[in-house]
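# The following comprises the amino acid sequence and a computationally predicted model.
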Amino acid sequence: MILPLISLSTPLHTTKAIILRAVKYGETSLIVTAYTELFGLQSYIVQGVRTSSKKGAGRANYFQPGAILELVVYHHELKNLQRIKEFRWSYLYTSVFSNVIKNCVLLYMMELLQKCIKQPENNPDLFYFIEEALQQLDKADEKITAGISIYFALHLAAFFGFQISNEEQFQVLDLQDGKFTDSYPQHAYYVDGKIAALIYELLNVMQPAELREVPMNHLQRRSVLEAMETFYALHLPEFGRMKTLQVLKEVLA
């Protein structure tokens, strides 16, 4: 890989960023995928953060999936790989990285974002939605934590133009059309009964704290998560399967 050259004319910007993914590069560096407040989806080379020296110790921890950082970056519109000059915590988690269940929810959220966001266009409203959901996850009690993955998946879809409509409630949810209906569709992509009713109720949850008012056992939660995977796969080309879903279903049981 040829690294981008930084010229004196490359401007510096300060932006908040949510780390989606980090992979090792060379002996001491990382290639980081982040969703940024200013530039949307971006890739960065972060050098020297995997060294065992006193200066480098612990610096790679900043780039864990889900980390919310403030970055000072060099940004060039024509380059696919940017560079970071400085980084610091924008929000310091108290429990997300140490709590197994919360960390599984976070990894599910990060994988879903990677599958949805493919272009670098910025969308501040989307950034603030993700940021707020992650902070709410960090503060959540056990009951709210169990539902945040569903809350996130249901509301995230609206940013990509294929959200489920909650204008009317019927006994069947057509996942292909994203609508509730009073008759069964001529395909297999639907849910009905209690699961459809739960999804309708969850669509009306506007803040994670309201999840406490929606009773749901682990089997119902599993069915809703599976329905959401199907819903996204029907509306996003090459969505595939969620690798984190099976682990999430097990820890939430």
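It's in. Quantities reported herein were computed from a predicted structural model and do not represent experimental measurements.

# Just the pLDDT for Ile2.
pLDDT recorded at Ile2 is 41.

# whoops, I mixed them up, Thr51
For Thr51, the pLDDT comes out at 76.

# where does it land in three-state SS?
Under DSSP: H, G, I helix; E, B strand; the rest coil, the three-state class of Thr51 is coil.

# if I look at it, how far off is Thr36?
Applying C-beta to C-beta, to the nearest Å, the value for Thr51 to Thr36 is 25 Å. In this view, the C-beta of every residue, glycine as well, is placed from N, C-alpha and C.

# Same drill for those two, tell me which one is more crowded.
Under the criterion of other C-beta atoms under 10 Å, the comparison of Thr51 against Thr36 puts Thr36 first, with 23 against 15.

# What distance do you get for that one to Lys115?
Thr36 sits 18 Å away from Lys115, going by C-beta to C-beta.

# Kindly report the same for Arg241.
With distances taken as C-beta to C-beta, Arg241 is found 10 Å from Lys115.

# Kindly report the same for Leu252.
Distance from Leu252 to Lys115, by C-beta to C-beta: 20 Å.

# And for Gln220?
Distance from Gln220 to Lys115, by C-beta to C-beta: 24 Å.

# cool, Tyr35 as well?
Distance from Tyr35 to Lys115, by C-beta to C-beta: 13 Å.

# Looking at the two now, which is surrounded by more residues?
Between Tyr35 and Lys115, counting by other C-beta under 10 Å, Tyr35 is the more crowded of the two (24 against 17).

# That one: what secondary structure?
Three-state assignment for Tyr35 (three-state DSSP): strand.

# residues in contact with Val100?
The neighbourhood of Val100, defined by C-beta atoms under 8 Å, 6 or more residues apart in numbering, consists of Val251.

# Could you find the closest non-adjacent residue to Leu200?
Rather than Leu, residue 200 is Tyr. Spatial nearest neighbour of Tyr200, chain neighbours left out: Gln169 (4.9 Å); criterion: C-beta to C-beta, 6 or more residues apart in numbering.
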